[in-house]
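Engineer: Quick one: sequence and predicted model below, then my questions.
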Amino acid sequence: MSTAGFNSQNGTGTGQTYANGPSQNPVALQQPPGVNYGMNHQSAYNPMQAKALAPPGPGLYPSGPNQPVPPVSSYQPGPPVAPYPSSPGQPLLSRPPLGGLPSHTPPQSASPSPGPRIPSAQATPPPPAVSSSGYYPNPQQPMGPTWRYNTAAPPMGPATAMSTPPRGPVANHVNPAASLAAPFPPSSATYSSAPPPEMSHSPTRISGPGVPPTSMHGYTQPGAAPPPMAPHTYQNVRPAYGPPPTGPPPSMKPTPPPPGPPVGSATPPPPKADARCGGAVNNAFPHTEPDFQEGDIECPGAVAGGGPQAPNSFNHVDNRMAGPTQPGPPARHLGHYPSLPPGYQNTSAPPAPSSVHPAIQAATQPYTQSPQPYQQLPAGPGPAQLSPSLAAMSLQSKTPEALRVVNLLQERNLLPPGPVPAPTPCLPQDLQKLNCNPEVFRCTLTSIPQTQALLNKAKMPLGLLLHPFKDLSQLPVVTSSTIVRCRSCRTYINPFVSFLDQRRWKCNLCYRVNDVPEEFMYNPVSRSYGEPHKRPEVQNATIEFIAPSEYMLRPPQPAVYLFVMDVSHNAVETGYLKEFCQSVLDNINSLPGDSRTKVGFITFDSTIHFYNLQEGLSQPQMLIVSDIEDIFLPTPDSLLVNLNESKELVEDLLKSLPSLFEKTMETQSALGSALQAAFKLLSPTGGRMSVFQTQLPNLGVGALQSREDPNQRASAKDIQHLSPATDFYKKLALDCSGQQVAVDLFLLSSQYCDLASLGCISRYSAGSVFYYPSYHHHHNPGQVERFHKDLKRYLTRKIGFEAVMRIRCTKGLSIHTFHGNFFVRSTDLLSLPNVNPDAGFAVQMSIEENLDDMQVVSFQAALLYTSSKGERRIRVHTLCLPVASSLSDIFAGADVQAITGLLACMAVDRSVSASLSDARDAMTNAAIDSLTSYRQSVLTIQQPGLLAPACLRLFPLFILALLKQKAFRTGTSTRLDDRVFAMYQLKYQPLVFTMLMIHPALYRVDDLTDEGALNINERTIPQPRVLQLSVEKLSREGAFLMDAGTVIYLWIGRNCHPNFLTQVLAVPNYAAVPDNLYVLPDLDTAESQRTRAFVGWLRDQRPFFPSFHVIRDESQLKPQFMQNMIEDRTESALSYYEFLLHVQQQISK
């Protein structure tokens, strides 16, 4: 959410350079605050709705960073905010129409929102309690304002009138009149030779250095970096239809896995009063200059007003605040379940393992988008005319594999041998070939319901999961003086627009007809004129533009890196400082940047230490500031220095720092003051702040006190202190965001550090959090290796500065909630001072207007950033999905992993804003309600048992896995910082890594063979099948590997074959296996090479470095290994079979 195909400069590398592409224009940041869109309106589908009459519950994400809030003056309490429903007929525009609508900033707050409850864990696990705060409303009962994730967002103020041209062809590859099954005829449209009319709006050019000059029509082929794995081709693989099932459910036949997607985390809300946020944000965020083009906000504006100015930064903030949290609805009461053995009928096992890795294959497979031939279709009727074709593909008469009925209580072997594939949208093949890679852009439903009512009936969340800055092996790069965009909604031209003729194209989001600029008529690929439909922008769903000077309000900022390090006695004891300094020394020449790159260093204990590294000095000078209450910069001009000019001084400092503080006895930590000093230092330019902290800050501003009660770690009751103890770190993060500064936090500690409070500094500034519990250079060598590998990746991965991201969607759809680390600057604009390739995002959507006359809808994410080489670039991803009118079609297109990832983000917010039990209930009710809807509305023949469509067969298992995940579990001892960090990971990791955390992958590795193995770079990678997470799958005679995302366990059975022990672990017998083995020995045996190749392959597929532990029966880590056995019963949680019985009981009510 690794750098194949890229140089240190973002997005370039082997990427190709096209000439004449669309360009993104700057935008007006000064927009009047809009009306809150989380107000009480007509109830819409609420995934966490009550089963019984529910009293008014807390609003959805009342203080979550992803929740919209009413406009109020800076940091003043606002009126209570209810969930997200909105009144029908008042659309929430997801993009500014012509002339620009007022912007609206969803509320940002540290606390997420309330939700339904799940059974609290007890010594004897009672079945989950039925809570009245379900995900979905009961059709017979009035709905309380609880968790609504499909609610239409409330109105955002009066919409500017905008004429919508008649809707024409859906896309340039679709003939609206033609049947979808029929081949598309070659172009027969007559092109007009008249020159296009003059554009009525020309972007204003800004003075100052622009993008490096490029030839007008220079075109370079996309980079051909060697893919990490065999390329995977995305094709429309709609299962063949067959007659409705009769008799017992057929055995499982999972389809081959297509590449999996990325995603997940939540949104920082706007500043609020009290402990969630403070300070007059308007002072920190002065209004910016108006934009050159109508209502476009994708280019940061110059700062106007006092204080240090960070050019190109977004400074206007709509101050909003969520209302107070309301009491949650009562919980359901459940009866106790007996301890039942898993009484499954052993059906035939799934097909043999495919040559793809079960959990992460999608994330590592390169996605190649080669230009597709364009076939111009004769002019014809609009998208609505395609409906007969899609009707032919309707699922009403015949049952596809996705809707095959599965009785979960009878079929045990549900896991596919490889990765769970992302469903393929039911689109014409021409469109599907051009669609966005699901690793980058993925929707929870691959068939979009026509109406909000239909979505409510399906009881499933509608949302998008994004991995926008993902490392790609091939990325088309276009250099253009004119970036073609819709003049109304500012959508970038993409493969799903329609060409009415050679000179006009119709936008696929707002349906406006636009002129084709003269420059766009030239195709740099074929070097021919008059074929705009063959240009790379119209042949690639993911593309990157090198932006012209119109996209810069100042020269692009240089790469600036500031390191802020804790050097107290506790920090020196951990030994991290030596490891850090050595890593920076080793990678200093690989830091992304150019000749302008700057670096600086600050250390702190009870005082703040600055380092003068000005060129010409014989050695670094330490400057100590002891007045931490009123911090100042002693020599502002020599603390951030040009890396190339002062490299020797920087290297001298890094070599001397570890010994400089090795005798210190200073135990206090003035982190808050050090952050304030770092902010002052970075404000004029923007940049990245890397903070290393090893203890609870206990001095000066931002000081914290321990809030954790170790005796309550295993409590079955609600967990306290998940929200910040102070708003200091959030307010400082918002100030940083306004000056284009992102803060990354490295927490290395064996004691409680209040990550819930400290994490805000990264969460709201678009930074990242790295957590190394019990870090010690001697006692925990596994963590040291992990820190070393993570730091190398962190220092050398590509980075984007002063970025903003906007997500647009087809008219009729609206976005109302964001998840991830960022600041929401307006309804659909995210401020990202830094963007990195490992960050994922998620958004929730609602349907505001019926989509009856639409055949397909589109979503477009545009990320504008400055590369480390100083280029202004725009990365654009476009996703096209069909519109469905039948509930069966909607269920057939459900993406179970995307739904699980989005629900995890929502549950994190609910845990903070309401309670952990509310969030647990909400997740349980999500499974109950979706399967109830399927049984009542899709199944034509009612059968006994717990029935699910094949596409959702893993949904209850994933929900149970979430309930047992470290973030949400109860009754099991869990450190508060560990729980909070798990919540952070669920919010901002791409989906493929989130799913490994939720449901680890288990393999047997003592009998690895080359059968079905992958061959990558002359290495043979065995592909063992994925096993169910149950102790019954373990054998004392075997060895089993568990991949849990951030950690990999190797469990050795007591009677494991001596051959494996000697050939792989280099020990003679089981008793000789060491307790602290954290690396596999490098042996020259076939067994060792296979095992190391498999483990190395797993590690290589993720950007972070998972630690490795060998587990025996006597190992201290054995309980952690066993806690990942999701399907087994524990003292505080139900087994998978018991959970299925509970779900069935609730459905049968």
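Structural biologist: That came in fine, so what should we check first?

Engineer: low-scoring stretches of the stretch 701-850 of the chain, by residue?
Structural biologist: Residues of the stretch 701-850 of the chain meeting the criterion pLDDT under 70: 713-716.

Engineer: repeat that with 80
Structural biologist: Flagging of the stretch 701-850 of the chain using pLDDT under 80 yields the residue ranges 710-718, 826-828.

Engineer: show me where it has strands.
Structural biologist: For the stretch 701-850 of the chain, the strands defined by DSSP state E, counting those that start in this stretch cover 741-749, 769-773, 800-809, 813-819, 823-826, 829-835, 841-847.

Engineer: After the last one, which helix or strand is next?
Structural biologist: This means strand 841-847. The first helix or strand that comes after strand 841-847 along the chain, using DSSP states H and E, is strand 856-867.

Engineer: Provide the strand pairings for that next one, with the direction of each partner.
Structural biologist: Here strand 856-867 has these sheet partners by DSSP bridges: strand 800-809 (antiparallel), strand 872-884 (antiparallel).

Engineer: Quick one: those as JSON lines, columns for distance to residue 783 too.
Structural biologist: Quick note: C-beta positions are derived from backbone N, CA and C, even for glycine. Listed next are those as JSON lines, based on distance: least, C-beta to C-beta, whole Å:
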{"stretch": "strand 800-809", "distance to residue 783": "29"}
{"stretch": "strand 872-884", "distance to residue 783": "34"}
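
Engineer: okay, those strands in a markdown table with distance to residue 1119 and mean neighbour count next?
Structural biologist: Formatted as a markdown table, the strands paired with strand 856-867 follow (distance: least, C-beta to C-beta, whole Å; neighbours: other C-beta atoms under 10 Å):
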| stretch | distance to residue 1119 | mean neighbour count |
| --- | --- | --- |
| strand 800-809 | 41 | 26 |
| strand 872-884 | 42 | 25 |
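
Engineer: Ok, which of those comes nearest residue 684?
Structural biologist: Of all those, strand 800-809 sits nearest to residue 684, with 13.1 Å by C-beta to C-beta.

Engineer: Okay, angle between the closest one and strand 813-819 too, please.
Structural biologist: Between strand 800-809 and strand 813-819, the angle comes out at 140 degrees (axes from the mean of the first three to the mean of the last three C-alpha atoms, to 10 degrees).

Engineer: Leaving out sequence neighbours, find the closest residue to residue 596.
Structural biologist: Spatial nearest neighbour of residue 596, chain neighbours left out: residue 558 (3.6 Å); criterion: C-beta to C-beta, 6 or more residues apart in numbering.

Engineer: by contact count, what packs against the helix or strand where residue 1003 lies?
Structural biologist: Element membership for residue 1003, per DSSP H and E: strand 1001-1004. Counting contacts by 3 or more C-beta pairs under 8 Å, 6 or more residues apart in numbering; DSSP states H and E, strand 1001-1004 is packed against strand 1039-1043.

Engineer: what about residue 505, which SS state?
Structural biologist: Assigned with DSSP: H, G, I helix; E, B strand; the rest coil, residue 505 falls in the strand class.

Engineer: List the residues that contact it.
Structural biologist: Residues in contact with residue 505, defined by C-beta atoms under 8 Å, 6 or more residues apart in numbering, are 172, 493, 497-499, 513-514, 516, 532.

Engineer: So which of these sits lowest on pLDDT?
Structural biologist: Within those, residue 172 has the lowest pLDDT, namely 42.

Engineer: can you redo the strands of the stretch 701-850 of the chain as CSV with distance to residue 442?
Structural biologist: What follows is those, written out as CSV (distance: least, C-beta to C-beta, whole Å):
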stretch, distance to residue 442
strand 741-749, 25
strand 769-773, 24
strand 800-809, 13
strand 813-819, 14
strand 823-826, 21
strand 829-835, 18
strand 841-847, 10
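
Engineer: for the strand holding residue 1003, what is the average pLDDT?
Structural biologist: Summarised as a single mean, pLDDT over strand 1001-1004 is 95.

Engineer: next one: stretch 1137-1149
Structural biologist: What stretch 1137-1149 shows for mean pLDDT is 94.

Engineer: which parts of it are buried?
Structural biologist: For stretch 1137-1149, the neighbour count (16 or more other C-beta atoms under 10 Å) marks 1137-1147 as buried.

Engineer: Dump those to a markdown table, plus secondary structure.
Structural biologist: Converted to a markdown table, the buried residues of stretch 1137-1149 look like this (three-state DSSP):
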| residue | secondary structure |
| --- | --- |
| 1137 | helix |
| 1138 | helix |
| 1139 | helix |
| 1140 | helix |
| 1141 | helix |
| 1142 | helix |
| 1143 | helix |
| 1144 | helix |
| 1145 | helix |
| 1146 | helix |
| 1147 | helix |
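
Engineer: circling back: quick check: the residue nearest to residue 596 touching residue 594?
Structural biologist: Yes. Taking C-beta atoms under 8 Å as the definition, residue 558 is a contact partner of residue 594 at 7.4 Å.

Engineer: which residues are in contact with both of the two?
Structural biologist: Common neighbours of residue 558 and residue 594 (C-beta under 8 Å, 6+ apart) are residue 870.

Engineer: These two: who's more crowded?
Structural biologist: residue 558 (22 against 16; other C-beta atoms under 10 Å).

Engineer: what's next to the strand holding residue 1003, contact-wise?
Structural biologist: So strand 1001-1004 is contacted by 358-359, 1024-1029, 1033, 1035, 1038-1043, 1094 (C-beta under 8 Å, 6+ apart).

Engineer: Give me the below-cutoff pLDDT ranges for this protein.
Structural biologist: 1-399, 524-526, 553, 710-718, 826-828.

Engineer: Okay, domains of it per the record?
Structural biologist: 405-422+895-999+1131-1148, 429-552+801-894, 560-705+722-797, 1000-1125 (the TED database).

Engineer: how long is the longest one from one end to the other?
Structural biologist: It refers to domain 560-705+722-797. One end of domain 560-705+722-797 to the other measures 14 Å (C-alpha to C-alpha, to the nearest Å).

Engineer: likewise the last one?
Structural biologist: Between the start and the finish of domain 1000-1125 there is a gap of 9 Å, counting by C-alpha to C-alpha.

Engineer: And for the first one?
Structural biologist: Between the opening and closing residues of domain 405-422+895-999+1131-1148 there is a gap of 17 Å (C-alpha to C-alpha).

Engineer: Start the count at 36 instead of 1 going forward.
Structural biologist: Okay, using 36 as the starting number, the last item reads as domain 440-457+930-1034+1166-1183.

Engineer: Against which helices or strands is the lengthiest helix in the chain packed?
Structural biologist: Taking DSSP state H as the criterion, the chain has its longest helix at helix 951-972. Where contact means 3+ C-beta pairs under 8 Å, 6+ apart, helix 951-972 is packed against helix 487-493, helix 922-927, helix 931-948, strand 982-984, helix 990-998, helix 1171-1183.
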